[in-house]
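>>> Build the 3D model from these lines:
(2 chains)
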Amino acid sequence: MATIQPIAENEQHPDVALVERVRAGDISAYDTLVRKYDRQVFRIAQHITQNREDAEDVVQDAFLKAYQKLDQFQGNSKFYTWLVRIAVNESLMRLRKRRTGKMVSIDEDVETEEGSVPRDLADWAPDPEQNYTQSELADILRKTIQGLPQGFRVVFVLRDVEGLSTEETAETLGLSVPAVKSRLLRARLQLRERLTRYFRRKKGGEK
Amino acid sequence: MTCTEFLAQLDDLIDDAVTAKMRADLQEHLHGCEHCEVTLNTTRKTIEIYRSHEIYELPTGLRDRLHKAIMERCKKGC
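A predicted model of the protein is given here:
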């Protein structure tokens, strides 16, 4: 499995100092870390659980668990990546609870061949999002990404929305780098294909 | 280069992780293939749209409530 590249010497991430302060008993430093990453953790949890209440619980549980386990944080990966891994695991546990113990993993439903080759090759309208209100657009984007298999969705979210590197995504999800790459390509192509239904260029100037 | 070969490099092209030689080959394919050009442009747009639109916002009230609950429990040692 890939490992995250250690942060170069003399290039300490600002979170390292905050983590050190928390370890030394300064709880206000943890307050800063929570404020810094709570939105991201909530988004990731929403994407995985697809349930608002579960996502709220995941935010609490992930930050509490990270606080309890802070001594185990080695500092050879970023605090954020480490926190995301906890949040992903907590989210999968929530899903399991909802499905009354049925195993849930990020490998779910990834055997589909759908979307591995583009079929709908229609071009999009220029600035297609302009044709929708903010709330209509958010609905479209939510509905579209919710239709992706879990194993593709989580890779797309970590890699493309939350900005983790391929290696960090692999490390976080316990996948190989080639597996992340293959899922990312299929996730991107499937989303593109599904969004084409809304964003295609229309004929004759109609909206 | 075939469309399948182009597609295999699509992510690396989008993520700017191709060699100069490969980039030139991909560009050459793009000049003669409208389908791959559309696929590349709309895939780029897909990523950009998801990056720039917040679809699961954490409302301020809820955020403050969660924050308070987390910090209270941390202060008690969880």
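>>> Kindly tell me how buried the residue in chain B that chain A sits nearest to is, as a neighbour count.
Using CB to the nearest CB, the closest approach of chain B to chain A is made by residue B:56 at 4.0 Å. Glycine gets a C-beta too; all of them are placed from N, C-alpha and C. Residue neighbour count, defined by other CB atoms under 10 Å in any protein chain shown, stands at 18 for residue B:56.
>>> Kindly report the same for residue B:3.
Residues within reach of residue B:3, counting by other CB under 10 Å, total 14.
>>> same deal with residue A:14?
Residue crowding around residue A:14 was assessed by other CB under 10 Å; the count is 10.
>>> for the one 10 residues further on, same thing?
Residue neighbour count, defined by other CB under 10 Å, stands at 8 for residue A:24.
>>> check contacts around the closest residue to chain B within chain A.
Chain A approaches chain B most closely through residue A:46 (4.0 Å), counting by CB to the nearest CB. For residue A:46, the contacting residues are A:52, A:55, B:56, taking CB atoms under 8 Å, 6 or more residues apart in numbering or on different chains as the criterion.
>>> if I look at the closest residue to the residue of chain B closest to chain A other than its chain neighbours, how far off is residue A:182?
Closest residue to residue B:56 in three dimensions, ignoring its sequence neighbours and counting by CB to CB, 6 or more residues apart in numbering or on different chains: residue A:46, at 4.0 Å. According to CB to CB, to the nearest Å, residue A:46 stands 25 Å off from residue A:182.
>>> And the residue nearest the centre of chain B, how far from residue A:157?
Central residue check for chain B by CA atoms, centre = their mean: the C-alpha nearest the mean position is that of residue B:47, 4.0 Å away. Here the criterion is CB to CB. By it, residue B:47 lies 11 Å from residue A:157.
>>> tell me the mean pLDDT over stretch A:31-39?
This predicted structure assigns stretch A:31-39 an average pLDDT of 95.
>>> what's downstream of the longest helix seen in chain B, the next helix or strand?
Selection of the longest helix in chain B by residue count, based on DSSP state H, yields helix B:34-52. Following the chain from helix B:34-52 toward its C-terminal end, the next helix or strand by DSSP states H and E is helix B:60-75.
>>> ok so, going back, give the other helices and strands that the longest helix of chain B contacts.
Applying 3 or more CB pairs under 8 Å, 6 or more residues apart in numbering or on different chains; DSSP states H and E, one finds that helix B:34-52 makes contact with helix A:134-146, helix A:177-199, helix B:3-8, helix B:10-14, helix B:20-32.
>>> What residues sit buried inside that helix?
When neighbours are counted by 16 or more other CB atoms under 10 Å in any protein chain shown, the buried residues of helix B:34-52 are found to be B:36-40, B:42-43, B:45-47, B:49-50.
>>> so what's residue A:94 closest to, chain neighbours aside?
Taking CB to CB, 6+ apart as the measure, residue A:94 lies nearest to residue A:54, with 4.3 Å between them; neighbours along the chain are not counted.
>>> And for residue B:35?
Distance criterion CB to CB, 6+ apart; nearest residue to residue B:35, sequence neighbours excluded, is residue A:121 at 4.9 Å.
>>> so how many other residues sit close to the one you found?
The tally of other residues near residue A:121 (other CB under 10 Å) stands at 14.
>>> is it true that it touches residue B:38?
Yes: counting by CB atoms under 8 Å, a contact exists between residue A:121 and residue B:38, whose distance comes to 5.5 Å.
>>> in terms of contact, does residue A:75 touch residue A:17 like I think?
No: here residue A:75 does not reach residue A:17: they are 11.1 Å apart, not a contact under CB under 8 Å.
>>> quick one: which of these two has more around it?
Looking at residue A:75 and residue A:17 with other CB under 10 Å, you find the greater number of neighbours at residue A:75, namely 15 against 10.
>>> quick one, what contacts that one?
Listed by CB under 8 Å, 6+ apart, the contact partners of residue A:75 are A:16, A:19.
>>> Could you report the pLDDT at it?
Note on residue A:75: pLDDT of 75.
>>> Confirm that it sits in a strand.
No: under DSSP: H, G, I helix; E, B strand; the rest coil, residue A:75 sits outside any strand and is assigned coil.
>>> Got phi/psi on it?
phi 80, psi 0 (degrees, to the nearest 10).
>>> Residue A:150 touches residue A:48, doesn't it?
Yes: here residue A:150 lies in contact with residue A:48, judged by CB under 8 Å, at a distance of 7.2 Å.
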